[in-house]
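Colleague: please work out how this folds:
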Amino acid sequence: MTSTRIRLPVPPASSVVEGAGESPMPAAPQASRHSARARGGLRITTYVAAAAALPASMLLAVGIGSTGIGIVDVWQTVVAHLAGTQSPLSPLRDGIVWDIRLTRVLTAAAVGAALAVSGAVMQALTRNVLADPYLLGLSSGASVGAVAALTLGVAIMPTVAAFLGALAALTLTLLLARSLGPISPSRTILAGITVSAFGVAVTSFLIFWNVQGDSYREVLNWLMGSLAGSGWTTVAVSWAVTAVIGIPLILGARVLDAFVFGDTAAASLGIHVTRARWIFLAAVALLTGVAVAVSGAIGFIGLVLPNAARLLAGFQHRLILPLCALTGATFMIWVDTAARTLFAPRELPVGIMTALVGAPIFALVLWRHRSRS
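Modeller: Modelled structure (predicted):
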């Protein structure tokens, strides 16, 4: 039998294999390669934009305020301090740049990165995209510690007391979850909710019983989140903890990928599930504890930004975590800048701004997730 060559009126992108008795074959592999290249190009563009936006945001935010300072002056002042030379600005404006605004911007960046990365880790460990770093009771524990230090006259700084309170809340959460059986996402969530409710009750009691006059405003500002007290000590502590813990988390991101598929799948890949979960929970606790200690309770960052990063970078945590750190830092810088300038000379608590901005963004992210599914 003579073979017949079939020629179809198709565009060149569809490949047709010529030969005896052949049939047309769609160019799915080629199309998928084009799609993969497009996604890769989009991811590279996203990372470049996020990496460029962070330092640019730092310089711009330092110059914004009741005393406007140009970006060139900000840059020259920072370089002069780092090089140990004379600042081009007057002593007053130099102090505004170096000691007030720059410390606040750097602290905001560290807090935003820490909360966003912690949120991504918690969502992987619990396999729940609605999880956030405060799920372990850390925020309520930190609030108890800080409010106790502010109202009871305890001879300890509120920042240190908040960190100790966060660690105490984590310990209670894990002990309670362990008493219910082997540590699992559902038990951890239930234990965290219980500890959080108890912490809120204790904080409310302390406020009702002891807070009066000026201390009420101080407690309220802390509970709603504020970076007004940032200094070089908070910059050093927040950045040191974020770097020392955040970088190993990014390097161990493949373990988080395994957790997304469940404990059984992770164990089949050779991961010691219990030990790995404890390590990740301890890392989240330290990151979140320090962030809450220096800034107060700031919501939505650890909830919204990991979901947004997942939409942009895919589902591999080696891509999600760095993007969370970059976008979290940038987001927090601009939210804090808006909080201190929109209603000047009064300052809006940062937690209110993150809720006002984060809630609509989270609704958009949920809508995008729904449309993609």
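Colleague: how long is stretch 64-76 end to end?
Modeller: Using Cα to Cα, to the nearest Å, one end of stretch 64-76 lies 16 Å from the other.
Colleague: report the buried residues of stretch 73-82.
Modeller: Along stretch 73-82, these residues count as buried under the neighbour rule (16 or more other Cβ atoms under 10 Å): D73, V74, Q76, T77, V78, A80. Using the backbone N, CA and C atoms, a C-beta is placed for each residue, glycine as well.
Colleague: go ahead and flag the most central residue of the chain.
Modeller: Nearest to the mean C-alpha position of the chain, by Cα atoms, centre = their mean, lies A116 at 0.9 Å.
Colleague: buried residues in stretch 248-258?
Modeller: In stretch 248-258, counting by 16+ other Cβ under 10 Å, buried: L249, I250, G252, A253, V255, L256, D257, A258.
Colleague: next: stretch 230-243.
Modeller: Buried residues in stretch 230-243, defined by neighbour count with 16+ other Cβ under 10 Å: S230, T234, V235, V237, S238, W239, V241, T242.
Colleague: swap in stretch 86-93?
Modeller: Within stretch 86-93, the residues scored as buried using 16+ other Cβ under 10 Å are S87, L89, R93.
Colleague: mind checking how far stretch 110-125 is from the chain centre?
Modeller: 4 Å (Cα atoms, centre = their mean, to the nearest Å).
Colleague: before we move on, back to that, need the buried residues of stretch 73-82 in JSON lines with secondary structure, can you?
Modeller: Shown next, in JSON lines, are the buried residues of stretch 73-82 (DSSP: H, G, I helix; E, B strand; the rest coil):
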{"residue": "D73", "secondary structure": "helix"}
{"residue": "V74", "secondary structure": "helix"}
{"residue": "Q76", "secondary structure": "helix"}
{"residue": "T77", "secondary structure": "helix"}
{"residue": "V78", "secondary structure": "helix"}
{"residue": "A80", "secondary structure": "helix"}
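Colleague: how about the contacts made by the residue nearest to the centre of the chain?
Modeller: With contacts defined as Cβ atoms under 8 Å, 6 or more residues apart in numbering, A116 is in contact with I301, G302, L305, P306, A309, C324, A325, T327, G328, A329, F331.
Colleague: give me the nearest residue to it, chain neighbours excluded.
Modeller: Nearest residue to A116 in three dimensions, chain neighbours excluded: G328, at 2.8 Å (Cβ to Cβ, 6 or more residues apart in numbering).
Colleague: what do you get for G262?
Modeller: Excluding the flanking residues, the one nearest G262 by Cβ to Cβ, 6+ apart is R127, at 7.2 Å.
Colleague: likewise for H81?
Modeller: W98 (5.6 Å).
Colleague: Three-state assignment for the one you found, please.
Modeller: Going by three-state DSSP: W98 is helix.
Colleague: picking that back up, so the residue nearest to the centre of the chain versus A291, what's the distance?
Modeller: 10 Å (Cβ to Cβ, to the nearest Å).
Colleague: now do V241
Modeller: Applying Cβ to Cβ, the value for V241 to A291 is 9 Å.
Colleague: low-confidence ranges in the protein?
Modeller: For the chain, the stretches with pLDDT under 70 are 1-40, 154-155, 211-214, 369-373.
Colleague: just to revisit the earlier point, okay, and the common contacts of V241 and A291?
Modeller: If you check V241 and A291 against Cβ under 8 Å, 6+ apart, the residues they both contact are A114.
Colleague: quick one: list the elements packing against the helix or strand where V365 lies.
Modeller: For V365, the host element (DSSP states H and E) is helix 350-372. Contacts defined by 3 or more Cβ pairs under 8 Å, 6 or more residues apart in numbering; DSSP states H and E place helix 350-372 against helix 214-224, helix 301-313, helix 317-341.
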